[in-house]
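Asks: Predicted model follows, preceded by the sequence.
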Amino acid sequence: MKTNILFTTCALACAGTAFSAHVFDDYTPFTENFNDYRGTSTTVPTHFFVAWDEPRTSEPFQGVNTGAFTAYTADGVDHSFGIRERDPVDLRDARLFFGFTNNTGAPVTGFNISYDVEAWFVGDRLNRIRLKYDNLLDSPDRDTFETDIFSTPNPAPAGTPAGTDLDGSLAENRTTVTGFVDLAALDDGTGNFFGPLADGETAWFRWQFSNLEEGESGSDRAGLGINNVSITPVPEPSAALLGALGALALLRRRR
């Protein structure tokens with residue numbers, strides 16, 4: 001199976017890609033609300049890109065409130081990054097990536113992360129969103145993005161009939177996922193742990209659109225949105241202490 005990766009405005013194979021990793025120069029949170037995204041390749045936010053099963057379709061972006069890679073909105077102002085496989089095109093193995101580089105001057109031991117998973121359409125398959133991490137996009141030595149950090153079920157209210165459109169911006173149709181990603185405890189899929197992200201190293205988070213359960217039947221997929229992403233790097237304790245001492249020393253000099 002061949003996977004196509006799209007770096008915002010062009011495919012992996014083409015030159016001069018518009019994608020660039022976000023650079024964490026300090027421990028300031030990165031945030032993205034997708035409000036400028038319109039379900040097109042040119043409006044995918046900087047530092048994000050997508051992947052899908054290439055033989056299924058050549059154009060995965062389908063605009064606003066449709067399917068495939070779409071922008072969901074209830075009011076035309078607030079938008080989320082939407083994924084719905086196999087409608088209106090045969091999109092499969094849909095994934096959204098965020099790339100980032102540690103430029104803090106010290107190893108990063110983990111990340112505080114939060115994001116919303118929204119239900120916009122209920123299909124025969126409820127589907128879910130799984131968050132994964134890796135410091136490799138591809139490797140001949142091992143499969144990448146193997147371990148779930150968070151796996152979020154479809155937040156649609158129980159008993160909602162298949163074929164129902166929902167407003168994913170409403171609290172009853174949305175789940176906020178939040179937690180700490182401990183790189184020292186995160187398995188790379190081979191029994192080894194990633195460990196701290198070194199200064200100058202690049203890594204990725206990946207949101208994966210998946211079946212809710214093995215054996216889930218039906219070809220009509222759910223429509224799910226990802227929204228209000230916040231990612232904050234966490235330094236090694238020694239680096240955090242040095243930073244605090246430096247700030248204290250500067251404050252004393254100013255006095």
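Replies: Received, thanks.
Asks: CA-only coordinates of stretch 84-97 in CSV, if you can.
Replies: C-alpha atoms of stretch 84-97 as CSV (Å, rounded to 0.1, in the frame of the first residue of the first chain):
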residue,chain,number,x,y,z
ARG,A,84,-14.3,11.7,6.9
GLU,A,85,-13.1,8.8,4.8
ARG,A,86,-14.7,7.5,1.7
ASP,A,87,-17.0,10.5,1.1
PRO,A,88,-17.2,12.3,-1.3
VAL,A,89,-13.9,10.6,-2.5
ASP,A,90,-12.4,7.3,-1.6
LEU,A,91,-10.0,8.6,1.0
ARG,A,92,-8.5,6.0,3.4
ASP,A,93,-5.7,5.9,6.0
ALA,A,94,-6.2,9.6,6.7
ARG,A,95,-3.7,11.4,9.0
LEU,A,96,-2.9,14.9,10.1
PHE,A,97,0.7,15.7,11.1
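Asks: list the contacts for Ser210?
Replies: By C-beta atoms under 8 Å, 6 or more residues apart in numbering, the contact list for Ser210 reads 127-130, 151. Using the backbone N, CA and C atoms, a C-beta is placed for each residue, glycine as well.
Asks: Among those, which ones are in strands?
Replies: Judged by DSSP state E, the contacts of Ser210 include 128-130, 151 as members of strands.
Asks: ok, which pair from these is furthest apart?
Replies: Ile129 and Ser151 (7.8 Å; C-beta to C-beta).
Asks: ok, back up a step: for the ones in strands among the contacts of Ser210, which one is nearest Glu216?
Replies: Closest to Glu216 out of the ones in strands among the contacts of Ser210 is Arg128 (9.8 Å), distances taken as C-beta to C-beta.
Asks: partner residues bridging the closest one?
Replies: Legend: beta-bridge partners of Arg128 under DSSP bridges are Pro153, Ser210.
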